[in-house]
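Visitor: return a 3D structure for these sequence lines:
(chains A, B and C)
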Amino acid sequence: MLITCPCCGPRDVAEFTYQGDASRSRPDPASTDQAAWNAYVYDRVNTAGAHREYWQHSGGCRSHLVVLRSTLTHRIDSVRFARDEADGARRRSGSPA
Amino acid sequence: MKEYSALALLRNAFSGNRDWKPAWRKPDPKPQYDVVIVGGGGHGLATAHYLASEHGITDVAVVEKGWLGGGNVGRNTTIIRSNYLLPANTGFYEHSMKLWETLSHELNYNVMFSQRGILNLAHTPGQADDYIRRGNAMRHDGIDAVWMNPAEIARKVPGLDVSAKARFPIVGGLMQPRAGTARHDAVAWGYARAADRRGVDMLENCEVTGFLRDGDRIVGVTTTRGEIRAKKVAVAVAGSTGRVMKLAGIDRLPIESHVLQAFVSESLKPAIDTVVTFGGGHLYVSQSDKGGLVFGGDIDGYNSYAQRGNLPVVEEVMSEMAALFPGWAGVRLLRSWGGIMDMSMDGSPIITAGPLPGLYLNTGWCYGGFKATPASGWCFAWTIARDEPHPLNAAFTLERFHRGAVIDEKGQGATPRLH
Amino acid sequence: MSPRRTASGGRIDRSRSISFRFDGKRYAGHPGDTLASALLANGVSLFARSFKYHRPRGVIAAGVDEPNALVTVLRGEVREPNLPATQVEIVDGLVAESQNRFPSLERDVGALNQLGGRLFSAGFYYKTFMGPVAGPLKGTRFWMACEAVIRRAAGLGRAGHAPDTARYEKMNAFCDVLVVGGGPAGLAAALAAARSGRRVVLADLDPAFGGALKWSGELLDGEPAAGWVAETISALAAMDNVRLLPRTTVWGYYDGNTLAALERVGDHLRDPGKGAPRHRHWVIRAGHVVLATGAFERPMVFPGNDRPGVMLASAAGRYAAEYGVLPAERFVVFANNDSAYAAAARLREAGATVAAIVDVRPDVSAGARALAARAGGELLLGHAVADTSGGRRLTGVALRRFDAATKTLSGEPRRIEADGLAVSGGWSPAIHLASQAGAKARWDETLQAFLPPQPDAGWSGAGAFLGHASTTAAFADGLAAVAALDGSLSDAVDLPASDAPDLDAAPAPVFEIRAADGRGSKAFVDFQHDVTAEDVRLAHREGFVSVEHLKRYTTLGMATDQGKTSNVAGLAIMADARGMAIDDVGTTRFRPPFAPVSIGALAAERFGELKPDRLTPLHDWHVEQGATMYAAGLWHRPMIYGHPGETVEQACVREARAVRDSVGIVDVSTLGKIMVQGPDAAAFLDRVYTNLFSTLPVGKARYGLMLREDGFAFDDGTTWRLAETEFLMTTTTANAGRVMQHLEYMLDVVWPDLKVILTSVTDEWAGAAISGPKARAVLSACVAGTAVDNDALPFMGIVHGAIGGAPVMICRLSFSGELAYEVYCGAGHGSQVWDALMAAGQPFGIVPYGLEALGTLRIEKGHVTGAEIDGRTTARDLHLSWMLSKKKPFVGSAMMDREGLVAEDRLQLVGLVSLDGQALNGGAHVVEHGDRTLSGSIGHVTSVCFSPALGKYIALALVRGGKTRHGSRAFISDPLRGRFGPVAIVSHHFFDPEGSRMHG
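Guide: Below is the predicted model:
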C-alpha cells in the first residue's frame, strides 16, 4: 500500500503509523458530557467501504494525515494534512466547536 | 446418521466408500425458528451445538453468507491455550480448555487437539517477570504453567537460537503444557455435524440483508434466501460485526475490523514439537500434522475488510522466524492469507444479550478467537437460553468500556491495533 | 555416458561437464541443465515418493509447476528442502537428496500405506483416532499417540538446525512498467515500453528470457526464434531505462501496485563471490504491470496417471528441445487438444519413438494432423488411456475407445508398450497475480480455462495469460498492453512474423477418463497430496461441495505447487458430480506467494540483524569498564559494573550503597527527550499533563504525569522550562516514542490552533545523573561558568555551564532520593563530559552504577516506573492523585473518575518487606493465607531489590485494598519458582519519606 503524503510524496505504508477512525469528534475539553467522552474514546464507525482515518507519516515528516481509504479494497481516494481538515481546524481549544 | 469410528471406516473401505452420508444436511430455510444464529463460523456453530446439547433448544438455524467455517475458524494458526493473566480471562479460557480436552468425543469428530504445549519466550528479566506473573496467576487459578530455563528450552526446541549472541537472547520461557493446536476446519465441521444431528438447520449461501423488527425488538432477519423470523437472533460474525450490526441500526461499537495475515511453509518432517512464541517481537509458530510450519505475527494495523494484507508485516514476520530459527532460512513460505479480526478496545471479547431486545452479540475476539470457540459457544448459548450471562462471561459486557471496567491484558488502552 | 542425452541440440553447453550428487550417487550434466533434466539424461526415472501413499513418482513438469520431483539441496550442514528438481540449476558440487522415503527412494517402507488404499480416503482422520472416552487413554492422549506416528509419516523434506550461512538482500525498485514474464508477449511489451522512454523492469523466473521461443524451433521472419530473442534481450539490456531480472519470480501483488519478487542470485553459481547474496527480495513499485505470465499445461485424470514416465506433453517436448534429453525412448501421447501434437513432433525430431497419439476427440485440425504425421506412429482418435502399467517406471498403457460426448469408455483394452506417456489436458493461464490483485477469474467455455478478469487500472495482460497461445497473438497483445497506456500504438517496434502452424486452441471438455466399474489403478488429481478422483467424489458425497470445502477436506491444491496442475481438474470432477457447470462451482482465490519463497530471502538483511541496536554515547565506556549490558527495547544499558567475583546483587548493593554514602554516576541518555517550543507551549503542557506547567518559572523543572485519553496513567517524567516559550520534556525510556506520537496527534488533530513545535531530541543529548551526598562537591569541582550551591541551583533548579570544556545544562532533580543532578550535554560531547565528571568524582570515590542500582534506589523511595505504570493502573492506584489538578481539564481528566477506575477493589501500590530474609521476586503473587494452597491471589510483586539502606529484601507490589493493608502480614506465592514466604505490607515510601536528603 502506498500513501501519497502531501509533504513527502508517495511512500510505502511501512513509513506510516495508523491513528484510527477520523470520524470521531473529541468533546470540548471542559465538557462533562460523559456519554460524549465515552463515545469518543471507545466507539468506532468501523465502516466497510470509504473510511476516513488518521495516519501519521512517522517515518517521514511526522505529519498526521486524513486519508480516505476503502476498507474493502484498500484503495486510497484522498490524503490531506489533518491540520487542514475543516473539522480539526474549526475545533478551537478551550472553546466550543 | 452413522457414528464415525475406526470400524465404520473399515466397513466403508470395503464398500468403496460409497455409503458415506453428508456431514450435515442442506435444508431449505423454515419461515420461523426459536433462535437464528447469524454466522456459520466456529463460534456460531458451537453456539448452535450447545443450545441444542446443553439447553435442549433445537429449533435453531445457523445462517451463513458463504460456506460453513469460511471465516476465521478456517484461517487461524490453530493455537489453543488458556495462559491469560486477568481473572475474567483465565476462568473463561480454562473452561474452554476443558471443553477442548473432550471435544472430539463430544462431537464424534476428531478435531485433532494436540496438547503439545505453548512456550512463550522471554528475552529480558523484566519480560520474564511479566510472564512469571502470568504463569503464577494461572497456577493460582488452577491452570498448568511452568517456567523453563534456557537449557530446558534448548532441549525442548532444537534449532532455536538460544545463544547469548542473539539480538534478543532467551532468558527463559513460560510453558503451558496442556496448550496446543487443533485442526481448525475440523472444529467447524465437527460442530456443524453435531448440531445438525440434533436438528439444527445449516443455511449456507444465506446472507443476512436486514433485521426484522417489532418496535425496538428484533424478531428475525431478512436474507438472500428469504425472510426468517426468530424469537431470538444471535450475531457471531467476528470481523463482520460492524457490517451486520449496522443492519440492525447500531452504527458504532467498541470494535474495529483489522486484517491479520497468517503463513504456512512447505511441508516438512517434524521440526518443532510445541507452539513457540517470540517475545523479542511478535511471532507464533507451530507445525501442522501435515508438516507445514504455521505461523503469524501482528495485525497489519489498519481497518480492513479485505482479507488481504501487505508486505511490511510479511517481511517482519519472516525476519523474526529467521532470527529465532536460523536453520530455517532456506525453508520456503508456501502460502499467506488474511482474515478479518474483530479488535475490541481492550483486547477482550464481548458475549452479551443486547444491545437491542431480542438480539444477542458475540464479538471482540481480536486474533484469539479460535481457542475460545468451545467456551464462547457454551457461554453464548447459556446467555441466549437464559437471557442472562453465565458467571464466566459476566464481565464480557458491551458497557464495560464506558464504565471503565476494561479487561486489558496488554495494558494498551483503547487502541485496538496494539492489542 | 548419459543414456538419454540426444546427440545434438538443446540449449545446454555440451562442451563442459558438471558433476553433482543425488542420493549419494555421482552424476554428470551440462551447464544449462536443471537437476531434473540432468537426472533424466542419466536415465533416472524415480525422483520422489508421494505424500500419503509413498507411491513412486517421476518428474511430470519442466518448470515451477512440478508437483512430484521435490528434493532437498544441501549446502554443507544447511538444508534447503522441497525444491522442485525442475527449478534447481545444476552446479559443480551440488548435493541433493530425495525426500519422504525410508530407508531409500527405491525401497520405501512407507509404500505400505498403499495397502490402506480406501481406508485412507479423504478426511479419514476426522472419523477415527478419537480413542476411548474413559481410562488411561481418555481425553486427547490416544489421539496424540496416533498423531506422533502420523506426523513422522507425513511431511516432505527435513529442515535443518544448522544456521544458514548465506546472505540475503532486499532491493526496492520503481518503474513505469513492470513486465512479468519474458516470453514473446512480455518481450514485445518490454520493447514497446522501453522504446517509449518508460522505465521498465522485465522479470522472468527462468534463467534465460524468451519463454518457449528459446526452444520451440519456430521461425520468426524465417530465422530461428531463439536468435530474435537474443537480439531483443541485448537491445533491452543496452537501454538505460530497462532493468532485466532473470531467475526472478514475481510472487506477490500487493496494494498500490507494489509487487514482490524473488531473484535467485547465487544458487546457480559455484562461487557466488564474496558478499554476494544468495537471494534478493525485490519490492517493485510499478506504475503499471503487464502480466505475461503464460499458462500451465494440465494433466488428464485417468487410472494409473501417476507412474514415473507419465509427464506433461509440453514438458516432454521441452526436455527434448531445450535440454537435449529424452525423458523416455518410446512415447505414447495422450491429449484432448492440439498443443500436444507439436510436442509429439518435437520428441520424434529429437530421436524418440512416438508409438501412438491418442486423442479423446473424434476429429482434429489439419495442423494437428500434419504434426501427427511428422511425429509418426498411430493416430488414435476417439480413444483414451484407460490404465497404465509399470512400477518404478512406466512399461505400457492400455487404450480403449472413448466417446467424448458421453465420456464413456468402450471396447476391449489394447496395450501399447511405452516407457513415456506425454499427456495434455489443456492449458490454464497463470492468472495468480491478477487474482492476488483482487479480481475474480471467469470461466471460458471454449478454452476450458479460467481466464483473467477485466484488468483494473494497475495492470493489463498479454499472451497465453489471456488464453492466446500463438506467438503472433502474444506479440500483438504485448504491444497493445503498452499502447493502451497512452492510447497510441508505438510504431517504433516492428515484430517479426511467426511460421508456427495454426492450431485449434480449444480442447475437448474432457478432464477425467473414468472406468465405468470404478476398477483399475488410482486416478490422481493432486499428485503430491495423493488426492484421487474418488476422493473428490467422496467429498461430494459427504457434502463438502463448495470449492473451499473440497480443498480443505481433500487437501486438493494445498501442496507445494498450490494446485497449479490439479485445481481445474478437481473442480471439473466436482462440477460433474454436482451436475453443474464448472464456473457455478467456483474457483478459489490465489494467495501470495505465486511460488514458494525462502523465509531468509524475505528477512533479507534482517537475517542475522533482526533489529538495530541503540547505543548511548557512553556505550563504549560502559563496555570497557566491564559493565554487564542489558537490553531495554532497542537500547543497550549497563545493568551492573561488576567486580571480579561479585554476584549481580553484590554489585548492585555496592553501587547503591555508594550513592547513599558518597556519590555515584549513571548514564541516563536513553530517557526520552522532547523539545516543546512555541508561544503556546505552556498551555499545551497544561493540557497534556495532569498538573500545571504554565506556572513553572523559567529555569525550573517539575515532575509531570500524563494520562491516556481513557483516564489511565500513561507516562511520567520531568519537564524543564528553559525559556518562556521553550520546555525540555523527559519521558521514560520505554515510552519515548509513544509519548511523542501522542503529543503530535493532539497538536495535529485536536488542537491545530496551538502554536507549538515538537522535536524529538532523545539522541541529541547525552545525560548523566550524579547522585549522593557528595554530588554537589563533584559538580563544584568540575563545572565552569555557574555556581551550583543551594542558592544558585536549588531543588528543581536549572543552570547552564561547562564541564570538561563542553557546554552543559544541569538540573537538580532526584530519582534516587539523594542530593542529585542530571547533567546534559550534546551527544558528541558525552564521553568528554562523563570523563570530566569521573575525574572530578575520583577524590570522592565516585562509583558508576547501572540499572540494578538505579532500580534499588528508586524502589527504596517508592518511585514508580513501567512495572507499575503498566497501562492498567490509575494515578490513584499509584498514590499520585496529588498530581491531578482540579484547576483545569487535561487529557484523561474527563474519563479518570469512571466507576471502574475508582473501584474499591482495585490493585494499589504498596511496599513489601520480606520477613524470612529471603529475596522477593518480580512476578510473584501475594496471598493472605500461609498454607501454600494455590488460590486467592490479592495482587503481585512489580519490582524487587535488596535494600542496602534497610538491610532487607523489599518490593513494590500492586495489591487489592492497597493502603488499608499497611501494617498487615501476607505471603508471597511464586509457584513457578518454588518460592513462598511471609511479607509485611508497608508504605511504598521505604526510605527517607520526608525527602530531607534530596533537599539537603
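
Visitor: quick one: the closest residue to chain C within the stretch 151-300 of chain B and B:Phe278, what's the gap?
Guide: Nearest to chain C in the stretch 151-300 of chain B, going by CB to the nearest CB, is B:Gly291, at a distance of 3.1 Å. Every C-beta, even on glycine, is put in place using the N, C-alpha and C of the backbone. Distance, B:Gly291 to B:Phe278, by CB to CB, to the nearest Å: 21 Å.

Visitor: need the nearest residue in space to C:Leu119, chain neighbours excluded.
Guide: Spatial nearest neighbour of C:Leu119, chain neighbours left out: B:Ala13 (4.4 Å); criterion: CB to CB, 6 or more residues apart in numbering or on different chains.

Visitor: ok so that neighbour is a strand residue?
Guide: No - using DSSP: H, G, I helix; E, B strand; the rest coil, the secondary structure at B:Ala13 is helix, not a strand.

Visitor: that one: how many residues sit nearby?
Guide: If you count neighbours by other CB atoms under 10 Å in any protein chain shown, B:Ala13 ends up with 16.

Visitor: helix, strand, or coil at the nearest residue to C:Val783 once chain neighbours are set aside?
Guide: Counting by CB to CB, 6+ apart, C:Val783 lies nearest to C:Gly801, which is 4.7 Å off, once chain neighbours are set aside. Using three-state DSSP, the structure places C:Gly801 in strand.

Visitor: report how many residues lie close to C:Gly801.
Guide: C:Gly801: 20 neighbours (other CB under 10 Å).

Visitor: quick one: it from chain A, how far?
Guide: According to CB to the nearest CB, to the nearest Å, C:Gly801 stands 33 Å off from chain A.

Visitor: interface residues of the stretch 251-400 of chain B facing chain C?
Guide: B:265-271, B:280-281, B:287, B:289-291, B:306, B:308, B:310-311, B:314-315, B:318-323, B:326-337, B:400 (CB under 8 Å from any CB of the partner chain).

Visitor: now, of the residues you listed, which are buried?
Guide: Taking 16 or more other CB atoms under 10 Å in any protein chain shown as the criterion, what is buried in those is B:265-269, B:271, B:280-281, B:287, B:289-291, B:306, B:308, B:310-311, B:314-315, B:318-323, B:326-337, B:400.

Visitor: pretty sure B:Lys231 contacts B:Asp34?
Guide: Yes - B:Lys231 is within contact range of B:Asp34, at 5.2 Å (criterion: CB atoms under 8 Å).

Visitor: show me where the stretch 851-1000 of chain C has its helices.
Guide: C:851-861, C:996-999 (DSSP state H, counting those that start in this stretch).

Visitor: again, but for chain A
Guide: Here chain A has its helices, by DSSP state H, at A:34-42, A:86-90.

Visitor: what does the stretch 101-250 of chain B give?
Guide: Under DSSP H, counting those that start in this stretch, the stretch 101-250 of chain B gives helices at B:103-107, B:125-140, B:150-156, B:184-197, B:241-247.

Visitor: which other helices and strands contact the fourth one?
Guide: Helix B:184-197 sits against helix B:42-55, strand B:60-63, helix B:103-107, strand B:201-203, helix B:369-386, helix C:547-554, with contacts defined as 3 or more CB pairs under 8 Å, 6 or more residues apart in numbering or on different chains; DSSP states H and E.

Visitor: in the fifth one, what's buried?
Guide: Read that as helix B:369-386. B:369-385.

Visitor: got the helices of the stretch 851-1000 of chain C as JSON lines, with distance to chain A and mean pLDDT columns?
Guide: Shown next, in JSON lines, are those (distance: least, CB to the nearest CB, whole Å; pLDDT from 0 to 100):
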{"stretch": "helix C:851-861", "distance to chain A": "28", "mean pLDDT": "97"}
{"stretch": "helix C:996-999", "distance to chain A": "34", "mean pLDDT": "87"}
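
Visitor: which of these is buried the deepest?
Guide: Among the helices of the stretch 851-1000 of chain C, helix C:851-861 has the highest mean neighbour count (mean count of other CB atoms under 10 Å in any protein chain shown), at a mean of 25.

Visitor: okay, the angle between it and helix B:125-140?
Guide: Taking axes from the mean of the first three to the mean of the last three CA atoms, to 10 degrees, helix C:851-861 and helix B:125-140 form an angle of 60 degrees between their directions.

Visitor: next one: helix C:851-861 to chain centre, how far?
Guide: 40 Å (CA atoms, centre = their mean, to the nearest Å).

Visitor: touching chain B at all, it?
Guide: No - if you take CB under 8 Å from any CB as the test, helix C:851-861 misses chain B, and the best it gets is 9.5 Å.

Visitor: do I have it right that C:Ala449 meets C:Pro429?
Guide: Yes - using CB under 8 Å, C:Ala449 is in contact with C:Pro429, at 6.0 Å.

Visitor: between those two, which contacts overlap?
Guide: By CB atoms under 8 Å, 6 or more residues apart in numbering or on different chains, C:Ala449 and C:Pro429 have these common neighbours: C:295, C:467.

Visitor: helix or strand for C:Ile12, which one?
Guide: Assigned by DSSP states H and E, C:Ile12 belongs to neither a helix nor a strand.

Visitor: that one is in contact with C:Ala320, isn't it?
Guide: No - the criterion here is CB under 8 Å, and C:Ile12 misses it with C:Ala320 at 11.9 Å.

Visitor: of the two, which one has the most company?
Guide: Ranked by neighbour count (other CB under 10 Å), C:Ile12 and C:Ala320 place C:Ala320 first, with 26 against 22.

Visitor: for chain B, give me its nearest residue in chain C.
Guide: C:Gly871 (2.2 Å).

Visitor: for that residue, which non-adjacent residue is closest in space?
Guide: B:Gly411 (2.2 Å).

Visitor: report the contact partners of the residue nearest the centre of chain A.
Guide: Note on chain A: the residue nearest the mean C-alpha position is A:Tyr54, at 2.5 Å, using CA atoms, centre = their mean. By CB under 8 Å, 6+ apart, A:Tyr54 lies in contact with A:18-22, A:64-67, A:82, C:745, C:749.

Visitor: returning to that earlier point: out of the helices of the stretch 101-250 of chain B, deepest packed?
Guide: That would be helix B:184-197, which, of the helices of the stretch 101-250 of chain B, has the most neighbours on average (mean count of other CB under 10 Å), namely a mean of 27.

Visitor: what are the contacting residues of it?
Guide: B:1, B:23-25, B:40-42, B:45-46, B:48-49, B:52-53, B:60, B:62, B:68-69, B:73-76, B:78, B:103-104, B:106-112, B:202, B:370, B:373, B:377, C:126, C:552-553.

Visitor: that helix vs helix B:369-386, what angle?
Guide: 20 degrees.

Visitor: what inclination does helix B:184-197 have with respect to helix B:42-55?
Guide: Using the same axes, to 10 degrees: helix B:184-197 against helix B:42-55 is 40 degrees.

Visitor: gap between helix B:184-197 and the chain center?
Guide: For helix B:184-197, the distance to the chain centre is 14 Å (CA atoms, centre = their mean).

Visitor: tell me the mean pLDDT over stretch C:295-307?
Guide: For stretch C:295-307, mean pLDDT rounds to 97.

Visitor: any bit of it sitting next to chain B?
Guide: No - applying CB under 8 Å from any CB, one finds stretch C:295-307 separated from chain B by no less than 14.5 Å.

Visitor: then that stretch to CSV, C-alphas only?
Guide: What follows is stretch C:295-307, C-alpha atoms only, in CSV (Å, rounded to 0.1, in the frame of the first residue of the first chain):
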residue,chain,number,x,y,z
ALA,C,295,-0.1,-20.7,-19.0
PHE,C,296,0.4,-24.1,-17.3
GLU,C,297,-0.4,-27.3,-19.1
ARG,C,298,-2.9,-29.6,-17.2
PRO,C,299,-2.5,-33.3,-16.9
MET,C,300,-5.5,-35.6,-17.5
VAL,C,301,-7.0,-37.7,-14.7
PHE,C,302,-7.1,-41.4,-15.6
PRO,C,303,-6.3,-44.6,-13.9
GLY,C,304,-2.6,-45.0,-13.3
ASN,C,305,-1.8,-41.4,-14.4
ASP,C,306,1.0,-41.1,-11.8
ARG,C,307,3.5,-43.7,-12.8
